[in-house]
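Chemist: need a structure here:
(chains A, B, C and D)
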2 protein chains.
Amino acid sequence: MENRDVMNNKDKLMQAAIDLIAERGYHGVTTQEIAAAAGLSEKTLFRHFGSKQNLLESAFDRYHYAAEMNDLFQGGLNGDVYEDLLRISRTYHEIMFRNRKMIKISIAEGHHLPGFRERTHQHPQQLKKLLIDYFTEMEKRGKVIHTDHEQTAVSFMLMHFGAFMNYIDATDTTVLNVSLEQMIQHSVQLWTRALSP
Amino acid sequence: MENRDVMNNKDKLMQAAIDLIAERGYHGVTTQEIAAAAGLSEKTLFRHFGSKQNLLESAFDRYHYAAEMNDLFQGGLNGDVYEDLLRISRTYHEIMFRNRKMIKISIAEGHHLPGFRERTHQHPQQLKKLLIDYFTEMEKRGKVIHTDHEQTAVSFMLMHFGAFMNYIDATDTTVLNVSLEQMIQHSVQLWTRALSP
DNA sequence: CATGACTGTCAGTGCTGACTGTCAATCGTC
DNA sequence: GACGATTGACAGTCAGCACTGACAGTCATG
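Modeler: Purely as a prediction, here's the structure:
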């Protein structure tokens, strides 16, 4: 099964590239280091991808992460604002954490690769729309007060984005002395109170 | 006044370094480019700083931004939760925006320079303490409900940090279709409601 | 005018890093 | 065993970049 192995090696290289570039930046990592981290030779790297740029682009293409958030609102929400917001928050952080390296790269070197920013922006756009629809529905049901739901959704998302950024480096957990799970629970309590009629 | 000019040239170089490194990263900028952006020769750069590393470190030393937040709570707050939170939020964003380039560098290349992280972390630590004290005082006065003030402060700060990160690149203002000022006003309204007795 | 502080030009060094070419080895398939 | 596909070891090219040395020019000060 040579085809299987090729894919495995390509994947190894792309994964190594993502790991290292996320930590040290595109210019901070050499092709030798990437190949070594993948357990392969530098020659193989260039045979598969032709260039360092193309390696990163291919990695970004393969490990796209948009559209994951879709599933979130397919069932799972039960109409209790506190529980729903909690569930949304946790899912958000799961997805963000799973893709934290790509996100870090996209933020740090978005200007290097065309299309990076666009793809990483699909994701929040989508979540915003879903949140707005949720708030609108809950307002109809009399479960939340009337607000500018777009603004509310944006503030809610920015809070969790800030939390994500803060916890993206594991060593930084001590910065604010509060665990992510604590922060999620407490903030959702506050938001529930702010929105409850 | 040769001394004056020396300082001007050193400042020019440090400022150029900050500008360029914030945009393209430490390894994405050459000493030639920095010197050219400062309108000086590369030779002068090395005469003053000896190395590229030392240039960045010197720049970071000079343009430290911690302790700015102190002034915020020295007077200016009047006991009206909505107005106070509004004022705090705006001051926070002013300070963060003014130092956005240093912050970007510190986030992207914190591992390169020892002491970067520590200094950029003084700042939020300080704000957190001040916020906790403020909430405690307001609770005594019966202006806000009892919460875990530390958690509340952290969530509040993370929300604004997320907003700051989102608006740090001017081109990104369209991502969420909401201006920073709108976001500040709306979010503070929500928080005031969440905390009001 | 002499001096000292600062700067630019130019040429150059040494290293690193992206990328290539050649050849041999491995390994699964027919 | 022949073959194709994949890979590694090795040597090497070439450009870019951090950094240096030598020399001359400018300019304010005494």
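
Chemist: which residues does whichever residue of chain A sits closest to chain B contact?
Modeler: Residue nearest to chain B within chain A (C-beta to the nearest C-beta): A:Gly162, separated by 2.8 Å. Just so you know, the C-beta spots here come from the backbone N, C-alpha and C atoms, and that holds for glycine as well. If you count contacts by C-beta atoms under 8 Å, 6 or more residues apart in numbering or on different chains, A:Gly162 has them with B:157-165.

Chemist: okay, the residues you listed in a markdown table with distance to DNA strand C, secondary structure and pLDDT next?
Modeler: Compiled in a markdown table, the contacts of A:Gly162 are given as follows (distance: C-beta to the nearest atom of the strand, whole Å; DSSP: H, G, I helix; E, B strand; the rest coil; pLDDT from 0 to 100):
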| residue | distance to DNA strand C | secondary structure | pLDDT |
| --- | --- | --- | --- |
| B:Met157 | 37 | helix | 96 |
| B:Leu158 | 35 | helix | 95 |
| B:Met159 | 38 | helix | 97 |
| B:His160 | 37 | helix | 96 |
| B:Phe161 | 32 | helix | 94 |
| B:Gly162 | 32 | helix | 94 |
| B:Ala163 | 35 | helix | 94 |
| B:Phe164 | 32 | helix | 94 |
| B:Met165 | 28 | helix | 92 |
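
Chemist: For chain A, which helix extends over the most residues?
Modeler: For chain A, the helix with the greatest residue count under DSSP state H is helix A:116-140.

Chemist: Could you list every helix and strand that it packs against?
Modeler: Judged by 3 or more C-beta pairs under 8 Å, 6 or more residues apart in numbering or on different chains; DSSP states H and E, helix A:116-140 is in contact with helix A:81-98, helix A:100-109, helix A:149-167.

Chemist: hang on, the earlier thing: if I look at the residue nearest to the residue of chain A closest to chain B when sequence neighbours are not counted, how far off is DNA strand D?
Modeler: Nearest residue to A:Gly162 in three dimensions, chain neighbours excluded: B:Gly162, at 2.8 Å (C-beta to C-beta, 6 or more residues apart in numbering or on different chains). In this view, B:Gly162 and DNA strand D are 33 Å apart by C-beta to the nearest atom of the strand, to the nearest Å.

Chemist: Give the buried residues for the worst-scoring helix or strand of chain A on mean pLDDT.
Modeler: The helix or strand of chain A with the poorest confidence is helix A:2-24; it has a mean of 82 (mean pLDDT, DSSP states H and E). Neighbour counts using 16 or more other C-beta atoms under 10 Å in any protein chain shown place A:9-10, A:12-18, A:20-22, A:24 of helix A:2-24 among the buried residues.

Chemist: any chance of those residues in TSV, plus distance to chain B?
Modeler: Shown next, in TSV, are the buried residues of helix A:2-24 (distance: C-beta to the nearest C-beta, whole Å):
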residue	distance to chain B
A:Asn9	27
A:Lys10	26
A:Lys12	24
A:Leu13	21
A:Met14	21
A:Gln15	21
A:Ala16	18
A:Ala17	16
A:Ile18	16
A:Leu20	13
A:Ile21	11
A:Ala22	11
A:Arg24	8
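
Chemist: could you dump those residues to TSV with distance to A:Gly110?
Modeler: Formatted as TSV, the buried residues of helix A:2-24 follow (distance: C-beta to C-beta, whole Å):
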residue	distance to A:Gly110
A:Asn9	28
A:Lys10	24
A:Lys12	25
A:Leu13	22
A:Met14	18
A:Gln15	20
A:Ala16	21
A:Ala17	16
A:Ile18	15
A:Leu20	18
A:Ile21	13
A:Ala22	13
A:Arg24	17
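
Chemist: Near DNA strand D, list only the ones from these.
Modeler: Subset of the buried residues of helix A:2-24 in contact with DNA strand D: A:Asn9, counting by C-beta under 7 Å from any atom of the strand.

Chemist: Domain parsing of chain A, as residue ranges.
Modeler: By the assignment in automatic domain parsing, chain A contains the domains A:2-62, A:68-195.

Chemist: Does DNA strand C have contacts with the first one?
Modeler: Yes - contact of domain A:2-62 with DNA strand C (C-beta under 7 Å from any atom of the strand) involves A:2, A:29-32, A:42-43, A:46, A:50-53.

Chemist: Measure how far stretch A:34-54 is from the centre of its chain, please.
Modeler: Here stretch A:34-54 is found 26 Å from its chain centre; the criterion is C-alpha atoms, centre = their mean, to the nearest Å.
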